[in-house]
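> curious how this folds, go ahead:
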Amino acid sequence: MAGDEKKRKKGGQQHLQKRQGRRSYKEDVEIAALEQRIRDGAPPRGSNPLAAPERQDAGASTSYAGVRAFDDLPISQYTKDGLKKHKYVTLTAIQRAALPHALAGRDVLGAAKTGSGKTLTFLIPVVEKLYRAKWTRLDGLGGLVLTPTRELAVQIFEELKKVGTYHDLSAALLIGGKAVAEEATRVASMNILVCTPGRLLQHMDETPGFDTASLQILVLDEADRILDMGFAATLDAIVANLPRERQTMLFSATQTKSVRDLARLSLTDPEYLAVHAEAAAPTPLKLQQVRFVFEAFRKLRPGVPLRCLHGGLKQGRRTGVFYEFCSAQAMVLIATDIAARGLDFPTVDWVVQADCPEDAATYIHRVGRTARYTSAGRALLLLLPSEREAMLRLLADAKVPLNQIRPNPSKQQAVTPALQALLSKDQELKVRNRGWE
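You can find the predicted model right below:
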């Protein structure tokens, strides 16, 4: 009993040390060693670590640019244990390219195809930067991750919990669809925030005590979309509240000209790392359209479960559809482009684009929902004769290979008669069809 009491007291003292902002001796030694290794082994500026030869003797040299495993990176044992627990062992291409620069504290502009591991590429540096800075729950906001959609924010937050499993850092998810007052009671005490731009700006404007002055690192995921016209004003207002001295990382499947115009974000000599720029192939509806197609096919009873995902759904329903689709053995999801950006659907076999994408970047994001990581997947693009020439030219310029297929007439089955009969009986669906047209 006495021995147990001593253990309890010792554990309580260690926990108190953490809360008071002190680190254990073991942690201090590890942090010093990590800082030294990063200083000695950081890749040269302007280099792409993907070009470095594979390291067979990671422990025999200071350089870590050519490593292939997370265990060989200069990251804390807490992070390594979290990654190992969740079966993350080998680095993907974007991780090999960007992590060596990001861990060295440099600003990074990363482009990689969807499903390539971008999320870990920025979450690991966020957690590691705060760990090496001996950040505690008392130090306030140190890391900020911005992403354009609620669904993607939820997904990033789930990955953050894996990376930070053994770290003593606080984190929160700020997205629309939840009560602002409920978030406001704890947002000021968080070390890491994953949020959508609108909700973050709302807290900046309305939540007393919410301070971003100590921010160490800013991440923009799906950066090209955040920097689109619709997000530009919100982003400018957010950045105006952030300290200029910070590390900044931007990631997306594509990097457009608007992303390269980075003056507003105060990037300092950023490392531009485009994994798919030299690759042979970068790729592994409107709201009313989706509603009509979903309702029509649901009533035609195709023999497979159907779900729809669009911006008109409330947040709880959108999240429910996302997880339901991810866990289903067989299901068809009819969606707007809200499902085209960054969301990880692990077992998608087919992506069918029923309307022409606006550009090659949109095509890449849509098709990225299948063939995640090393999985196989197929995609079908349906084009009108008037769309064909221009779209194929854009895709060719983006190095997207396509094979034209012609349907076998004997295998085709006309759906028009069934739809006409359905519309004649269902006036509500008929009104939706008119709105779509």
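> could you measure from residue 198 over to residue 233?
11 Å (CB to CB, to the nearest Å). For every residue, glycine as well, the C-beta is placed using N, CA and C.
> neighbour count: the two, which is higher?
residue 198 (14 against 11; other CB atoms under 10 Å).
> so the more buried one is in which element?
If you go by DSSP states H and E, residue 198 is part of helix 197-206.
> so what's residue 293 closest to, chain neighbours aside?
residue 334 (5.5 Å; CB to CB, 6 or more residues apart in numbering).
> confirm the one you found sits in a strand?
Yes. Applying DSSP: H, G, I helix; E, B strand; the rest coil, one finds residue 334 inside a strand.
> what's the pLDDT at it?
pLDDT for residue 334: 87.
> neighbours around it, how many?
Neighbour count of residue 334, defined by other CB under 10 Å: 23.
> residue contacts, it?
By CB atoms under 8 Å, 6 or more residues apart in numbering, residue 334 lies in contact with 285, 290, 293, 294, 297, 306, 307, 308, 309.
> right, and the second one touches residue 335 too?
Yes. The pair residue 290 and residue 335 qualifies as a contact (CB atoms under 8 Å) at a distance of 6.3 Å.
> the more surrounded of these two?
residue 290 (24 against 20).
> what's the more buried one in contact with, if anything?
Here residue 290 is in contact with 308, 309, 310, 334, 335, 336 (criterion: CB under 8 Å, 6+ apart).
> from the residues you listed, which single one is nearest residue 185?
residue 309 (30.8 Å; CB to CB).
> ok, residue 79 touching residue 128?
Yes. With contact defined as CB under 8 Å, residue 79 counts as touching residue 128 (6.2 Å).
> looking at the two, which has the bigger crowd around it?
residue 128 (26 against 21).
> what's the end-to-end length of stretch 218-230?
One end of stretch 218-230 sits 20 Å from the other (CA to CA, to the nearest Å).
> just how off-centre is it within its chain?
The chain centre lies 11 Å from the centre of stretch 218-230; the measure is CA atoms, centre = their mean, to the nearest Å.
> and that stretch, what's buried?
Neighbour-count burial for stretch 218-230, counted by 16 or more other CB atoms under 10 Å, picks out 218, 219, 220, 221, 222, 223, 224, 225, 226, 227.
> which ones are touching the first one?
The reference is to residue 218. Contacts of residue 218 (CB under 8 Å, 6+ apart): 144, 146, 242, 246, 247, 248, 249, 265.
> how near is the first one to residue 194?
Pointing back at residue 144 there. For residue 144, the distance to residue 194 - CB to CB - is 8 Å.
> more neighbours: which of the two?
residue 194 (29 against 24).
> doesn't the more buried one fall inside a strand?
Yes. Under three-state DSSP, residue 194 sits within a strand.
> tell me which stretches of this structure form strands.
Secondary structure of the chain (DSSP state E): strands at 108-111, 143-146, 171-174, 192-195, 217-221, 247-252, 271-274, 306-309, 332-335, 350-353, 378-381.
> what's the end-to-end length of stretch 214-232?
Per CA to CA, stretch 214-232 runs 23 Å from first to last residue.
> if you could redo that for stretch 300-319, that was the one I meant.
First-to-last residue span, stretch 300-319, CA to CA: 26 Å.
> also stretch 203-214?
First-to-last residue span, stretch 203-214, CA to CA: 16 Å.
> now it: average pLDDT?
On average, stretch 203-214 scores 92.
> just stretch 70-83 next, same as before
Stretch 70-83 comes out at a mean pLDDT of 96.
> in TSV, list the contacts of residue 334 along with distance to residue 273 and pLDDT.
Converted to TSV, the contacts of residue 334 look like this (distance: CB to CB, whole Å; pLDDT from 0 to 100):
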residue	distance to residue 273	pLDDT
285	33	50
290	35	77
293	39	82
294	39	83
297	42	82
306	39	90
307	36	89
308	36	87
309	31	85
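> all helices of the stretch 251-400 of the chain, in order?
257-260, 287-300, 315-327, 360-367, 385-397 (DSSP state H, counting those that start in this stretch).
> so which of these is the most packed in?
Across the helices of the stretch 251-400 of the chain, the average number of neighbours (mean count of other CB atoms under 10 Å) peaks for helix 360-367, which reaches a mean of 22.
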